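Q: Requesting a structural model of the entry that follows:
(2 chains)
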Amino acid sequence: MITFALFGAGRIGRMHAENLVKRSDAKLLYVVDPKPEAARALAEPLGARQATEAQAFGDPAVQAVLIASSTGSHADLSIAAANAGKAIFCEKPVDLTLAKVEACIKAVKKAKVPMFVGFNRRFDPSFRALKKRLDDGAIGKVEQVIITNRDPGLPEMRFLATSGGLFLDFTIHDFDMARWLLGEEPVEVFARGAVLVDPRVRTEGNDIDTAMLLLRTGSGRMCQISNTRRAVYGYDQRIEVFGSKGMLRAGNLTPTTVERSGGESTCGDNPYPNFQTRYAAAYAAELSSFISSVERRKPAEVPPEDSRRVLLLCEAAQRSATTGKPVKVSKN
Amino acid sequence: MLEIAQFGAGRIGQIHASNIAALKDARLRYVVDVNADAAQKLAARYGAKVVSEREAFADPEVGAVLIASSTDTHARLAIAAARAGKPIFCEKPIDLSLKKVDDCLAEVNKAGVPMFVGFNRRFDPSFSALKRRLDAGEVGAVEQVVITSRDPAPPPLAYLKVSGGMFRDMTIHDFDMARWLLGEEPVEVFAWGEALVDRKIAKAGDIDSAMLILRTASDKMCHINNSRRAVYGYDQRIEVFGANGLLRAENLGETTVEQFTPRGTVSDRPLDFFLERYAEAYRLELSSFISALKTKSAMPVAAHDGRRALVLAEAAIKSLKSGKAEPIA
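A: Numbers count the residues shown, from 1 in each chain, chains lettered A, B, ... in the order given. From the prediction side, this is the model:
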């Protein structure tokens, strides 16, 4: 039984809290949020209590923290948790700056606590099965990876302005998937971004809403990523890995498999509409992986080093999109 | 009845000849080929006559020429046909050198003869339906195009050496599809290529795997992925993402039969060979050429399109060498 303090009572925090209380091997003790009433509203119906940061870190009964607060607070909370000797589950990204991610990695190493970064897509049952078959050699050597990642709709403009930009906020998931599926570190990134969905994305959000990227590894494996903030047909999440002995694909999931055939055409469900529904199983499974690694004192499946590598890819992509040139990714 | 003189009695020539034979309003009159046996065999099958180039061009009964000979003869034959005032159906590519393509286009324009370039994929029933629906506004403004084009197996090295390289030989089809689907001219190409399939291909100075990104002036983007070897068949897919939705055209299998087994559900592999996969496209491109001639309307794929695709291929080759995104002239 692992006991948790949850930081962040927002949308993601609520989802994690609900996943935690469903488990027999975990217990939610505290919810911490800058808004104590929000923390209380989440905690009490789930049998937990609102607490301050100091209370949560100070209580020896807390074995693990789940950090689902706003991005800017992830690194500081992780460092405080490490110093308090707590195991850490941190939502992605650890931070938007390399310096803070590195400080976090250092603190975690020094404290010898496990830290897991919530790249949830690796835990999607389909993507995971694809990866397993890839590793089992089902398609030989990987040559090309194609990742489609399209959000159903634009977030609010004020969110965009503080999100760190499309690559850091959104493509970051694809960079993690790319590293995971390529099986080698990308050494170069080419990125093209545009504002095609809504001009306010540029004027108010100082961001882009559409992108295509290419990644290349040292041995010449390649990966292509397609992104947009608005796919009217739902949350478009697909993966294709092409290898020397075949291809693996994972398509979109739909809420039902019902098809209607009419006089003119056949029509089925759209993909799940958002990340909460599409990745519900992945969020539950990533928590299982974290808890099991803490219980067995094994390294976390997605360590903060992965978050650092992904951040390097984000930065390279940003430079590439700004300069129009491919950008080499630092090896260190 | 349109009387056609066909140049080339090889693999692709046989396809065109059999498609001509199936048409009511056209007839294969002459076959011209340096290989007399091949010419004779093909001509005999369709009741045509083997003649020399000069005879074919000189006969006023010939209403059109179909050029399906080896690539290095396309431009020369097209120029000769233009000078003889014959409408031209020319297999892609017009030539591997832009200079020769330009010379050819100048002659064709001067003579004022219609010239069709055989970018067959535009006539594939699925791809042309996708394009029609795109043009009808079903997905709103185009934002992203993704083209997957993977050959089942590399051609012989001897062919690769004279092919002009993967971008001119294979990706050229995708460049044409990209222009067609984006609805705007790409202004920039970025290309990465590798020899991942066979080191011998690298030694021959070519690549066998590639990924490209094209961009238009209004920031529409297109991704192309290529491989010379897809063990599961000829992989030909298109996806167009727009403001109001997505249009996709998937691979075709020989049949739609699925087998449900304890280990999974198995369906046919994609059609393996371009002549099978695009059989209908070859038939339809020919009838569309003939119908444009009859109605004196513009060629649905004109010589200019052949040139633009080559311009993109050359920019992609430049990008491959420079490692940079290259602007399109």
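
Q: and residue A:146, what does it touch?
A: Contact analysis of residue A:146 by CB atoms under 8 Å, 6 or more residues apart in numbering or on different chains lists A:223, A:224, A:226, A:238, A:239, A:240, A:241, A:242, B:146, B:148, B:225. To be clear about C-beta, it is placed using only N, CA and C from the backbone, and glycine gets the same treatment.

Q: any chance of the residues you listed in TSV, plus secondary structure?
A: Putting the contacts of residue A:146 into TSV (DSSP: H, G, I helix; E, B strand; the rest coil) gives the following:
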residue	secondary structure
A:223	strand
A:224	strand
A:226	strand
A:238	strand
A:239	strand
A:240	strand
A:241	strand
A:242	strand
B:146	strand
B:148	strand
B:225	strand
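
Q: Closest to residue B:283 out of those residues?
A: Nearest to residue B:283, judged by CB to CB, of the contacts of residue A:146 is residue B:148 at 23.7 Å.

Q: give me the number of residues near the closest one?
A: 23 (other CB atoms under 10 Å in any protein chain shown).

Q: next one: phi and psi at the residue nearest to it when sequence neighbours are not counted?
A: Closest residue to residue B:148 apart from its sequence neighbours, by CB to CB, 6 or more residues apart in numbering or on different chains: residue B:237 at 4.2 Å. Dihedral pair for residue B:237: phi -130, psi 150, per degrees, to the nearest 10.

Q: Let me know whether residue B:237 touches residue B:250 as I believe.
A: Yes: using CB atoms under 8 Å, residue B:237 makes contact with residue B:250 at a distance of 5.7 Å.

Q: quick one: which of these two has more around it?
A: Neighbours were counted for residue B:237 and for residue B:250 using other CB under 10 Å; residue B:237 has more, 18 against 13.

Q: residues in contact with that one?
A: Contacts for residue B:237 (CB under 8 Å, 6+ apart) come out as B:147, B:148, B:248, B:249, B:250, B:251.

Q: Mind putting the contacts of residue A:146 into JSON lines with pLDDT and distance to residue A:21?
A: As requested, the contacts of residue A:146 are exported to JSON lines (pLDDT from 0 to 100; distance: CB to CB, whole Å):
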{"residue": "A:223", "pLDDT": "98", "distance to residue A:21": "38"}
{"residue": "A:224", "pLDDT": "98", "distance to residue A:21": "40"}
{"residue": "A:226", "pLDDT": "98", "distance to residue A:21": "37"}
{"residue": "A:238", "pLDDT": "98", "distance to residue A:21": "32"}
{"residue": "A:239", "pLDDT": "98", "distance to residue A:21": "31"}
{"residue": "A:240", "pLDDT": "98", "distance to residue A:21": "37"}
{"residue": "A:241", "pLDDT": "98", "distance to residue A:21": "36"}
{"residue": "A:242", "pLDDT": "98", "distance to residue A:21": "42"}
{"residue": "B:146", "pLDDT": "98", "distance to residue A:21": "42"}
{"residue": "B:148", "pLDDT": "98", "distance to residue A:21": "44"}
{"residue": "B:225", "pLDDT": "98", "distance to residue A:21": "45"}
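
Q: how about the nearest residue to the most centrally placed residue in chain B, chain neighbours excluded?
A: Central residue of chain B (CA atoms, centre = their mean): residue B:119, 3.1 Å from the mean position. Leaving aside its chain neighbours, residue B:119 sits nearest to residue B:176 (4.4 Å; criterion: CB to CB, 6+ apart).

Q: which SS state does that neighbour fall under?
A: Residue B:176 ends up helix, using three-state DSSP.

Q: State the number of residues packed around it.
A: 24.

Q: For chain B, which residues are neighbours of chain A?
A: Residues of chain B found near chain A (CB under 8 Å from any CB of the partner chain) are B:141, B:143-144, B:146, B:148, B:150, B:188, B:190, B:192, B:194-197, B:209, B:211, B:213, B:215, B:219-221, B:223, B:225, B:227, B:229-232, B:235, B:241, B:243-246, B:323-325.

Q: So which residues of the stretch 151-300 of chain A form helices?
A: For the stretch 151-300 of chain A, helices defined by DSSP state H, counting those that start in this stretch occupy the ranges A:157-162, A:166, A:172-182, A:200-203, A:275-278, A:280-295.

Q: C-terminal to the last one, what's the next element?
A: Spelled out, it's helix A:280-295. Note on helix A:280-295: by DSSP states H and E, the next helix or strand toward the C-terminus is helix A:304-323.

Q: Name the residues of that next one that are buried.
A: Within helix A:304-323, the residues scored as buried using 16 or more other CB atoms under 10 Å in any protein chain shown are A:304, A:306-318, A:320-321.

Q: same thing with stretch B:292-306?
A: Within stretch B:292-306, judged by 16+ other CB under 10 Å, the buried ones are B:292, B:293, B:299, B:300, B:301, B:302, B:303, B:305, B:306.

Q: now, among those, which is nearest to residue A:117?
A: Nearest member of the buried residues of stretch B:292-306 to residue A:117, counting by CB to CB, is residue B:305, at 49.0 Å.

Q: quick one: contacts for the closest one?
A: B:117, B:119, B:176, B:179.

Q: go on, residue B:43?
A: Counting by CB under 8 Å, 6+ apart, residue B:43 has contacts B:9, B:28, B:30, B:31, B:49, B:50.

Q: before we move on, what about residue A:244?
A: A:139, A:140, A:141, A:143, B:196, B:197, B:229, B:231.

Q: ok, for the third one, nearest residue in space, not its chain neighbours?
A: For residue A:141, ignoring the flanking residues on the chain, the nearest one in space by CB to CB, 6+ apart is residue A:244 at 4.6 Å.

Q: what do you get for the fourth one?
A: Spatial nearest neighbour of residue A:143, chain neighbours left out: residue B:196 (4.9 Å); criterion: CB to CB, 6+ apart.

Q: Shouldn't the one you found be within a helix?
A: No: counting by three-state DSSP, residue B:196 falls outside a helix, being coil.

Q: correct me, but it touches residue A:142?
A: No: using CB under 8 Å, residue B:196 is not in contact with residue A:142; the gap is 9.5 Å.

Q: more neighbours, the two?
A: Taking other CB under 10 Å, residue B:196 and residue A:142 do not tie; residue B:196 has more neighbours (25 against 22).

Q: Any figure for the gap between that one and residue A:331?
A: 22 Å (CB to CB, to the nearest Å).

Q: filter the residues of chain B next to chain A to the buried ones?
A: B:143-144, B:146, B:148, B:150, B:188, B:190, B:192, B:194-197, B:209, B:211, B:213, B:215, B:219-221, B:223, B:225, B:227, B:229-232, B:235, B:241, B:243, B:246, B:324-325.

Q: Among those, name the ones in strands.
A: B:143-144, B:146, B:148, B:150, B:188, B:190, B:192, B:194, B:209, B:211, B:213, B:215, B:221, B:223, B:225, B:227, B:235, B:241, B:246 (DSSP state E).

Q: where do the contact lists of residue B:196 and residue A:142 overlap?
A: Contacts common to residue B:196 and residue A:142, judged by CB under 8 Å, 6+ apart, are residue A:221.

Q: what sits up against stretch A:7-19?
A: A:6, A:28, A:31-33, A:35, A:38-39, A:41-43, A:46, A:48, A:53, A:56, A:65-70, A:73, A:77, A:91, A:276, A:283-284, A:287.

Q: can you rerun that using 6 Å?
A: Identification of contacts with stretch A:7-19 by CB atoms under 6 Å, 6 or more residues apart in numbering or on different chains yields A:6, A:28, A:31-33, A:38-39, A:42, A:46, A:66-69, A:77, A:283-284, A:287.

Q: what does stretch B:127-135 give?
A: So stretch B:127-135 is in contact with B:121, B:240, B:247, B:249, going by CB under 6 Å, 6+ apart.
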